[in-house]
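Asks: return atomic coordinates for the entry below.
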Amino acid sequence: MKKIAYGLDVFKEEYGSTLKGCKLGLLSNQASLDSRLIPAKWVISQLLPGQLKALFGPQHGHGGEDQDNMVETEHAFDPDLKIPVWSLYSQTREPSPEMFDLIDVLIIDLQDVGTRVYTFATSMFHCMRIASELGKKIIVLDRPNPLGGTILEGNLLQEEFYSFVGVFGLPMRHGLTMAEMAGALRAAFKVDCDLEWVPMKGWRRAMQWQDTGLRWVMPSPNMPTAETARVYPGQVIWEGTNLSEGRGTCRPFEIFGAPYLEPKRIRENLPPEVLKGCILQEISFRPTFHKWAGSICRGFMLHVLDSHAFRPYLLSIALLEAIIRTHGSEFAWKEPPYEYVFDRMPIDLILGDASLRRGVESGMDTLELKEMWGPPLEEFDHWRSPYLLYG
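Replies: Now for the predicted structure:
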């Protein structure tokens, strides 16, 4: 297997010397490591001594400490480098001009998970927008999309539902890396941002995480394994319902359910086509926190056997339909707020299209929904092609 070099590795070997004399900021977290598992802040501070002036952290904190949505992280101070650590998930979700006062260049090194609702791309975009207003430079150090870059899935986000969990009209599984996303968002919003990226070496679009040979380091508290990332494009929808998405267990998103579920009846209502590449194991679990904390939930654990055949969004939408048909009186949508949006249903922000929710509620066949996604996905695939960096 050809060794893959992260953008951080390439930056260290080939790019860092070009920034001598610049005042630097770094947006990163605990998963921002080089191929030797050295944190980005140490790689950069050793390469360019004294130039790192501020650290920035995304949702869940610079150290990945904070659970769940709308759990804010306070600003802090790095005792080793003796520089501020600005939270981009605090009183506001974007940098203030004062945060950029200390820097000329912001380096962004974050591990995305390839799903539209994961918020790191939104934080990156907000940094790009503020940087364009203040004349600051952005450099994105690229990392693999753990779901690969060839398979696209789901409906496109509608503009009326743009939010922190979806800043642009992407499908749920978008097939972009962070650097590719930066280029696409700059073009889509015509952001006049001085933007550069440092591509990886050795990564190819068809590679999913298990093909890379890289060690998984969880980018957020409820993304503990690469298997979590595989199911996340579908399983995240339970955040918009009264089902537990597995928070409070050791395998969030792979495990889901509720006390009222009857797994055998739900399985009977699933079309076999949606189960390609996976097995649903019937289980019981008791969350230690979050939804249904302390109660025994019945549901499933999702085992992915063939990640190239598996379609997480299709399966979870089919499960959602089956659960509503089976348990309509006990099932409920989560009430607002969700990620600081108080006037829209959380499920609509997650799915990105209220008509999809209405279709699910009315019993529209999942496979019909999949057919509706086809033409827009083809258009999106064509639209994104100028911003792709890897063959």
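
Asks: state the distance from the nearest residue to residue 134 once chain neighbours are set aside to residue 331.
Replies: Nearest in space to residue 134, with sequence neighbours left out and distances taken as C-beta to C-beta, 6 or more residues apart in numbering, is residue 100 at 5.4 Å. C-betas here are computed from N, CA, C, even on glycine. If you measure residue 100 against residue 331 using C-beta to C-beta, to the nearest Å, the figure is 45 Å.

Asks: and these two? Which one has more around it.
Replies: Here residue 100 and residue 331 are compared on neighbour count by other C-beta atoms under 10 Å; more neighbours surround residue 100, at 21 against 17.

Asks: look up how far residue 54 lies from that one.
Replies: 8 Å.

Asks: hey, where'd the strands end up in the stretch 251-391 of the chain?
Replies: 255-258, 278-285, 297-304 (DSSP state E, counting those that start in this stretch).

Asks: make JSON lines out of those and add mean pLDDT, mean neighbour count and distance to residue 180.
Replies: Below are these laid out as JSON lines (pLDDT from 0 to 100; neighbours: other C-beta atoms under 10 Å; distance: least, C-beta to C-beta, whole Å):
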{"stretch": "strand 255-258", "mean pLDDT": "98", "mean neighbour count": "26", "distance to residue 180": "30"}
{"stretch": "strand 278-285", "mean pLDDT": "98", "mean neighbour count": "16", "distance to residue 180": "27"}
{"stretch": "strand 297-304", "mean pLDDT": "98", "mean neighbour count": "20", "distance to residue 180": "24"}
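
Asks: including distance to residue 122, could those go into a markdown table?
Replies: A markdown table is the format used below for the strands of the stretch 251-391 of the chain (distance: least, C-beta to C-beta, whole Å):
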| stretch | distance to residue 122 |
| --- | --- |
| strand 255-258 | 25 |
| strand 278-285 | 29 |
| strand 297-304 | 26 |
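
Asks: quick one, which of those strands is nearest to residue 141?
Replies: Comparing the strands of the stretch 251-391 of the chain against residue 141 with C-beta to C-beta, the closest turns out to be strand 297-304 (28.5 Å).

Asks: other residues contacting the closest one?
Replies: With contact meaning C-beta atoms under 8 Å, 6 or more residues apart in numbering, strand 297-304 is reached by 227, 230-231, 235, 243-244, 251, 254-263, 277-287, 310, 315, 319.

Asks: check which residues of stretch 344-360 are buried.
Replies: Burial within stretch 344-360, assessed by neighbour count using 16 or more other C-beta atoms under 10 Å, is assigned to 345-354, 356-357, 359-360.

Asks: mind checking which of those are in helices?
Replies: 346, 347, 348, 349, 350, 351, 354, 356, 357, 359, 360 (DSSP state H).

Asks: ok, the residues you listed vs residue 111, which is closest?
Replies: Nearest to residue 111 among those, with distances taken as C-beta to C-beta, is residue 350, at 21.2 Å.

Asks: I am finished for the moment; much appreciated.
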